[in-house]
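Novice: coords below, sequence missing:
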């Protein structure tokens, strides 16, 4: 089987240049054959979707996306994919609770891994976490990528306001989880009860640095290091 690094190159996924690949590999290399159910929020052209399908050879890979951009390229790249029998797509908005609940009504619970690589706004990240953390199986992981959007460098992304007035930064929320304190009791999108339920069912929360300094292909230097987090369910 190909390594995750080899697959990021094969499918032209930016996880390698962002510095994420080594973190994923260290966590999942030894159990990749045991993973059977993965949800990826944010499909776009489907490059990472195809990478995860090959990396987890026994998993059904669910893709959740609004499918407003990159759709033509997505269909072009999906053509001939030998793993399509394990690929399930759902069109929805990750900040819409009804869409998230509809997805769950169709596709159930007990996800080994949920990866939020969606719109990267505080609202999207926190609403999705509040609805979906509960459906991660015991010992599974909820992962949020590209936390550097919390820097405020990007006022909008994909047409959405990244940090709205009164928002708690997702990085600050995750640090509260990591430190096992109650410094944040609620956010604009997460009630006290939901936050307490997450804390009660959280074994660990780690925020990982990808690259300390990063300049994207468009030549934009990031103000913060690239970051992602791994939340493990009890």
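Specialist: Happy to help now that I have it. On a predicted model such as this, the values are computed, not experimentally measured, just so you know.
Novice: just the strands in this protein please.
Specialist: 37-41, 60-65, 87-91, 111-116, 136-145, 156-157, 160-161, 202-209, 227-233 (DSSP state E).
Novice: switch these over to TSV; also include mean pLDDT and mean neighbour count.
Specialist: For glycine as for every other residue, the C-beta is placed from the backbone atoms N, C-alpha and C. Below are the strands of the chain laid out as TSV (pLDDT from 0 to 100; neighbours: other Cβ atoms under 10 Å):
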stretch	mean pLDDT	mean neighbour count
strand 37-41	98	24
strand 60-65	98	24
strand 87-91	97	16
strand 111-116	98	24
strand 136-145	98	20
strand 156-157	96	12
strand 160-161	97	15
strand 202-209	98	16
strand 227-233	98	22
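Novice: nearest to residue 123, out of the ones you listed?
Specialist: Proximity to residue 123 (Cβ to Cβ) singles out strand 160-161 among the strands of the chain, at 7.6 Å.
Novice: in stretch 175-194, which residues are buried?
Specialist: 175-177, 184, 187, 189-190, 194 (16 or more other Cβ atoms under 10 Å).
Novice: export those residues to a markdown table and tack on pLDDT and distance to residue 219?
Specialist: A markdown table is the format used below for the buried residues of stretch 175-194 (pLDDT from 0 to 100; distance: Cβ to Cβ, whole Å):
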| residue | pLDDT | distance to residue 219 |
| --- | --- | --- |
| 175 | 98 | 31 |
| 176 | 98 | 35 |
| 177 | 98 | 34 |
| 184 | 97 | 35 |
| 187 | 98 | 34 |
| 189 | 98 | 33 |
| 190 | 98 | 36 |
| 194 | 98 | 40 |
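Novice: save the strands of the chain as a markdown table, and put in distance to residue 129 too.
Specialist: Formatted as a markdown table, those follow (distance: least, Cβ to Cβ, whole Å):
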| stretch | distance to residue 129 |
| --- | --- |
| strand 37-41 | 10 |
| strand 60-65 | 14 |
| strand 87-91 | 18 |
| strand 111-116 | 7 |
| strand 136-145 | 7 |
| strand 156-157 | 18 |
| strand 160-161 | 16 |
| strand 202-209 | 11 |
| strand 227-233 | 8 |
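Novice: which one of these lies closest to residue 48?
Specialist: Across these, closest to residue 48 is strand 37-41 (Cβ to Cβ), at 6.7 Å.
Novice: tell me what the closest one is packed against?
Specialist: helix 47-55, strand 60-65, strand 111-116 (3 or more Cβ pairs under 8 Å, 6 or more residues apart in numbering; DSSP states H and E).
Novice: in TSV: the ones you listed, plus distance to residue 232.
Specialist: Listed next are the helices and strands packed on strand 37-41 as TSV, based on distance: least, Cβ to Cβ, whole Å:
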stretch	distance to residue 232
helix 47-55	18
strand 60-65	20
strand 111-116	11
